[in-house]
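Student: got a predicted model here, sequence first, then my questions.
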Amino acid sequence: SHPVVAIVGRPNVGKSTLFNRLIQRRLAIEEPTAGVTRDRIYGRADWTGHEFWLIDTGGLTFEEDKISREIHRQVKLAMEEANVIIFVVDVRSGPVTLDYEVAAMLRKTTKPVILAANKAESPNFDMSEFYALGLGEPTLTSGAHGLGTGDLLDEVAKHL
Ligand code: GDP
Ligand code: MG
């Protein structure tokens, strides 16, 4: 069966928009309100001959309510299935506390993690802070504008 790539991150960084861009369909719900994707959503993608399953997940918050815990459980399941994980952050906000919490979780996995610095369609941002997440060099993307997705998929394909 095909390899699996999971998209994870806190709410509202553009995971679902990126997912839809990468599978070139509108399966996931893109929402200005946080926490809309609770389940794992699967889509088929391919890149230069590599076919894979892409999973969109809900936004991690590490809160204690029922929905947050269910999202966390679904993200864990997606990470277990995944061969490669895409960790999405927002270049406009810079790394926030929740990003550091997600990063700490991701640094515990032995699986390859690709850091996608998303919403990067305008050039007014400081990338230097993202290195503090300890997950290597960010790949600049804009899911909404379809920028950098080739570079992102090149990074993913190195591990497929
Ligand atoms: P998710 O919660 O991480 O799945 O994020 P969504 O894909 O639902 O997007 C959250 C919000 O960010 C929506 O208002 C989107 O329109 C917006 N958004 C998503 N991708 C981009 C992007 O590449 N650039 C900008 N500027 N906004 C984006
Ligand atoms: Mg979403």
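Tutor: Received the coordinates, thanks. Ligands and ions are numbered 1, 2, ... in the order given.
Student: who in the chain is up against ligand 1?
Tutor: 9, 11-17, 30-32, 37, 59, 118-119, 121, 142-145 (CB under 6 Å from any ligand atom). From N, CA and C alone the C-beta is placed, and that goes for glycine too.
Student: and Ser128, how far from ligand 2?
Tutor: Using CB to the ion, to the nearest Å, we find Ser128 at a distance of 27 Å from ligand 2.
Student: any idea how many residues pack against that residue?
Tutor: Here the number of neighbours of Ser128 (other CB atoms under 10 Å) works out to 8.
Student: same check on the one 10 residues further on?
Tutor: Burial measure for Pro138: 22 neighbouring residues, criterion other CB under 10 Å.
Student: next: Phe125.
Tutor: 17.
Student: quick revisit: give me the buried subset of the residues of the chain next to ligand 1.
Tutor: 9, 11-17, 30, 37, 59, 118-119, 121, 142-143 (16 or more other CB atoms under 10 Å).
Student: tell me the two of those that are most distant?
Tutor: Thr37 and Glu121 (22.3 Å; CB to CB).
Student: downstream neighbour of the longest helix seen in the chain in the secondary structure list?
Tutor: For the chain, the helix with the greatest residue count under DSSP state H is helix 66-81. The helix or strand immediately downstream of helix 66-81 is strand 84-90, counting by DSSP states H and E.
Student: who does that following strand pair up with?
Tutor: The strands beside strand 84-90 in its sheet (DSSP bridges) come out as strand 4-8 (parallel), strand 113-118 (parallel).
Student: in this protein, which spans are helices?
Tutor: 15-23, 66-81, 97-106, 149-157.
Student: packing partners of the longest helix of the chain?
Tutor: strand 4-8 (3 or more CB pairs under 8 Å, 6 or more residues apart in numbering; DSSP states H and E).
Student: the inter-axis angle of the strand it packs on versus helix 66-81?
Tutor: 150 degrees (axes from the mean of the first three to the mean of the last three CA atoms, to 10 degrees).
Student: what angle do helix 97-106 and strand 4-8 make with each other?
Tutor: 150 degrees.
Student: using PDB, write out the CA atom coordinates for strand 4-8.
Tutor: The C-alpha trace of strand 4-8 is given here as PDB (Å, rounded to 0.1, in the frame of the first residue of the first chain):
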ATOM      1  CA  VAL A   4       1.200   8.000   4.400                       C
ATOM      2  CA  VAL A   5       2.000  11.700   5.100                       C
ATOM      3  CA  ALA A   6       0.300  13.400   8.000                       C
ATOM      4  CA  ILE A   7      -0.300  17.100   8.300                       C
ATOM      5  CA  VAL A   8      -0.300  18.400  11.900                       C
END
